[in-house]
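Engineer: 3D, please:
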Amino acid sequence: MKHATIVLSFLIFCGSAIAQTPLDRSGKVAFFGVTFLDTSTEGDYFGPREDEAARIDLVEDYVQDRFAEEGFAFVDLAPVSETLDRIVNPAECYGCELRMGEDLGVSYVLVGEVQKVSNLILSMNLVMREVSTGDMVRGQSVEIRSNTDDSWLRGFRYILKNNFFNT
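Structural biologist: Numbering: from 1, shown residues only. Next up is the predicted model:
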(Lines give C-alpha, C1' and ligand atoms only; values in the text may rest on other atoms or scores of the structure.)
Protein backbone atom coordinates (compact mmCIF):
# COMPACT_ATOMS: atom_id res chain seq x y z
CA MET A 1 0.00 0.00 0.00
CA LYS A 2 2.81 2.39 0.87
CA HIS A 3 4.42 1.78 -2.55
CA ALA A 4 1.13 2.52 -4.34
CA THR A 5 0.72 5.77 -2.42
CA ILE A 6 4.22 6.89 -3.38
CA VAL A 7 3.65 6.05 -7.06
CA LEU A 8 0.26 7.81 -7.06
CA SER A 9 1.76 10.89 -5.40
CA PHE A 10 4.54 10.95 -8.00
CA LEU A 11 2.06 10.71 -10.87
CA ILE A 12 -0.11 13.49 -9.46
CA PHE A 13 2.93 15.71 -8.88
CA CYS A 14 4.47 15.04 -12.31
CA GLY A 15 1.29 14.49 -14.29
CA SER A 16 1.21 17.93 -15.83
CA ALA A 17 4.75 17.52 -17.15
CA ILE A 18 4.04 14.02 -18.45
CA ALA A 19 0.77 14.95 -20.15
CA GLN A 20 1.64 18.32 -21.65
CA THR A 21 -0.39 19.22 -24.68
CA PRO A 22 1.86 19.66 -27.71
CA LEU A 23 2.34 23.26 -28.79
CA ASP A 24 1.12 24.33 -32.21
CA ARG A 25 4.35 25.46 -33.83
CA SER A 26 2.41 27.09 -36.66
CA GLY A 27 0.78 29.41 -34.11
CA LYS A 28 2.18 32.91 -33.87
CA VAL A 29 3.51 34.20 -30.54
CA ALA A 30 3.46 37.66 -28.99
CA PHE A 31 6.49 37.93 -26.69
CA PHE A 32 6.02 40.82 -24.30
CA GLY A 33 9.52 40.50 -22.92
CA VAL A 34 11.06 39.87 -19.55
CA THR A 35 10.38 42.33 -16.75
CA PHE A 36 13.08 42.97 -14.15
CA LEU A 37 11.87 43.38 -10.56
CA ASP A 38 14.54 44.49 -8.11
CA THR A 39 13.28 43.82 -4.59
CA SER A 40 16.79 43.76 -3.10
CA THR A 41 18.02 46.39 -0.72
CA GLU A 42 20.93 46.93 -3.11
CA GLY A 43 18.49 48.30 -5.68
CA ASP A 44 17.02 50.67 -3.11
CA TYR A 45 20.44 52.07 -2.28
CA PHE A 46 22.15 52.17 -5.67
CA GLY A 47 19.37 52.18 -8.26
CA PRO A 48 19.29 50.33 -11.57
CA ARG A 49 22.44 48.60 -12.80
CA GLU A 50 23.52 48.67 -16.44
CA ASP A 51 24.75 45.06 -16.36
CA GLU A 52 21.33 43.80 -15.21
CA ALA A 53 19.55 45.82 -17.91
CA ALA A 54 21.91 44.26 -20.47
CA ARG A 55 21.11 40.81 -19.06
CA ILE A 56 17.40 41.37 -19.69
CA ASP A 57 18.25 42.00 -23.36
CA LEU A 58 20.51 38.92 -23.35
CA VAL A 59 17.82 36.55 -22.04
CA GLU A 60 15.11 38.06 -24.25
CA ASP A 61 17.31 37.43 -27.29
CA TYR A 62 17.99 33.89 -26.08
CA VAL A 63 14.27 33.15 -25.64
CA GLN A 64 13.46 34.52 -29.10
CA ASP A 65 16.28 32.52 -30.69
CA ARG A 66 15.24 29.33 -28.92
CA PHE A 67 11.61 29.70 -30.01
CA ALA A 68 12.75 30.35 -33.59
CA GLU A 69 14.82 27.14 -33.47
CA GLU A 70 11.61 25.31 -32.53
CA GLY A 71 9.74 26.80 -35.49
CA PHE A 72 7.72 29.52 -33.77
CA ALA A 73 7.20 32.95 -35.31
CA PHE A 74 7.02 36.07 -33.17
CA VAL A 75 4.81 38.95 -34.27
CA ASP A 76 5.61 42.65 -34.33
CA LEU A 77 4.20 44.37 -31.23
CA ALA A 78 3.87 47.79 -32.93
CA PRO A 79 0.05 47.61 -33.19
CA VAL A 80 -0.20 47.42 -29.37
CA SER A 81 2.84 49.55 -28.51
CA GLU A 82 0.81 52.40 -26.97
CA THR A 83 -0.97 49.98 -24.66
CA LEU A 84 2.26 48.14 -23.86
CA ASP A 85 4.02 51.41 -22.99
CA ARG A 86 1.46 52.03 -20.22
CA ILE A 87 2.00 48.61 -18.61
CA VAL A 88 4.68 48.21 -15.97
CA ASN A 89 4.73 44.40 -16.03
CA PRO A 90 2.88 42.41 -18.72
CA ALA A 91 3.22 39.29 -16.57
CA GLU A 92 1.09 40.89 -13.85
CA CYS A 93 -1.55 42.98 -15.62
CA TYR A 94 -4.79 41.06 -15.01
CA GLY A 95 -5.09 39.58 -18.50
CA CYS A 96 -3.92 42.55 -20.53
CA GLU A 97 -1.43 40.29 -22.29
CA LEU A 98 -4.32 38.12 -23.51
CA ARG A 99 -6.27 41.15 -24.73
CA MET A 100 -3.21 42.43 -26.59
CA GLY A 101 -2.72 38.93 -27.99
CA GLU A 102 -6.29 38.98 -29.31
CA ASP A 103 -5.65 42.39 -30.92
CA LEU A 104 -2.52 40.96 -32.55
CA GLY A 105 -4.30 37.80 -33.74
CA VAL A 106 -1.80 35.40 -32.17
CA SER A 107 -2.23 31.90 -30.78
CA TYR A 108 0.04 32.40 -27.76
CA VAL A 109 1.36 35.14 -25.51
CA LEU A 110 4.67 34.80 -23.69
CA VAL A 111 5.79 36.82 -20.68
CA GLY A 112 8.75 36.58 -18.34
CA GLU A 113 10.06 38.02 -15.10
CA VAL A 114 13.35 38.12 -13.26
CA GLN A 115 13.05 39.08 -9.60
CA LYS A 116 16.26 40.02 -7.85
CA VAL A 117 15.90 39.09 -4.20
CA SER A 118 19.57 39.79 -3.51
CA ASN A 119 22.76 39.83 -5.54
CA LEU A 120 22.99 36.10 -4.83
CA ILE A 121 19.36 34.98 -5.28
CA LEU A 122 17.26 35.61 -8.38
CA SER A 123 13.92 34.09 -9.36
CA MET A 124 13.05 33.64 -13.04
CA ASN A 125 9.62 32.94 -14.52
CA LEU A 126 8.44 32.30 -18.06
CA VAL A 127 4.75 31.73 -18.86
CA MET A 128 3.04 30.97 -22.15
CA ARG A 129 -0.76 31.27 -22.43
CA GLU A 130 -3.10 30.23 -25.17
CA VAL A 131 -4.98 33.35 -26.21
CA SER A 132 -8.27 31.65 -27.15
CA THR A 133 -8.71 30.01 -23.73
CA GLY A 134 -6.46 32.04 -21.43
CA ASP A 135 -4.99 28.75 -20.19
CA MET A 136 -1.34 28.51 -19.27
CA VAL A 137 0.11 25.94 -21.68
CA ARG A 138 3.69 26.21 -20.44
CA GLY A 139 5.28 27.90 -17.48
CA GLN A 140 7.98 27.45 -14.94
CA SER A 141 9.84 29.31 -12.25
CA VAL A 142 13.43 28.69 -11.20
CA GLU A 143 15.74 30.24 -8.68
CA ILE A 144 19.37 30.78 -9.51
CA ARG A 145 22.38 31.64 -7.45
CA SER A 146 24.73 34.38 -8.68
CA ASN A 147 24.11 37.42 -10.80
CA THR A 148 26.08 36.83 -14.00
CA ASP A 149 25.33 36.52 -17.70
CA ASP A 150 25.99 32.79 -17.49
CA SER A 151 23.69 32.21 -14.51
CA TRP A 152 20.82 34.14 -16.09
CA LEU A 153 21.18 32.19 -19.34
CA ARG A 154 21.42 28.93 -17.40
CA GLY A 155 18.12 29.72 -15.69
CA PHE A 156 16.27 30.38 -18.94
CA ARG A 157 17.93 27.39 -20.66
CA TYR A 158 16.65 25.18 -17.86
CA ILE A 159 13.09 26.52 -18.15
CA LEU A 160 12.97 26.13 -21.92
CA LYS A 161 14.64 22.72 -21.99
CA ASN A 162 12.65 21.16 -19.15
CA ASN A 163 9.23 22.72 -19.52
CA PHE A 164 8.69 24.25 -22.93
CA PHE A 165 10.54 22.01 -25.37
CA ASN A 166 10.93 18.71 -23.53
CA THR A 167 8.74 16.71 -25.92
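
Engineer: Can you tell me which residue sits nearest the middle of this structure?
Structural biologist: For the chain, Leu126 is the residue whose C-alpha lies nearest the centre (CA atoms, centre = their mean; 1.4 Å).

Engineer: Against Tyr45, how distant is that residue?
Structural biologist: 29 Å (CB to CB, to the nearest Å). Every C-beta, even on glycine, is put in place using the N, C-alpha and C of the backbone.

Engineer: mind listing what Thr35 touches?
Structural biologist: Val88, Asn89, Pro90, Ala91, Val111, Gly112, Glu113, Val114 (CB atoms under 8 Å, 6 or more residues apart in numbering).

Engineer: In three-state terms, how would the fifth one be classified?
Structural biologist: Three-state assignment for Val111 (DSSP: H, G, I helix; E, B strand; the rest coil): strand.

Engineer: so the residue nearest to the centre of the chain is in which element?
Structural biologist: strand 121-130 (DSSP states H and E).

Engineer: which helices and strands sit right next to the next helix or strand after that strand?
Structural biologist: Using DSSP H and E, the helix or strand that directly follows strand 121-130 along the chain is strand 136-145. Here strand 136-145 touches strand 121-130, helix 149-159, going by 3 or more CB pairs under 8 Å, 6 or more residues apart in numbering; DSSP states H and E.
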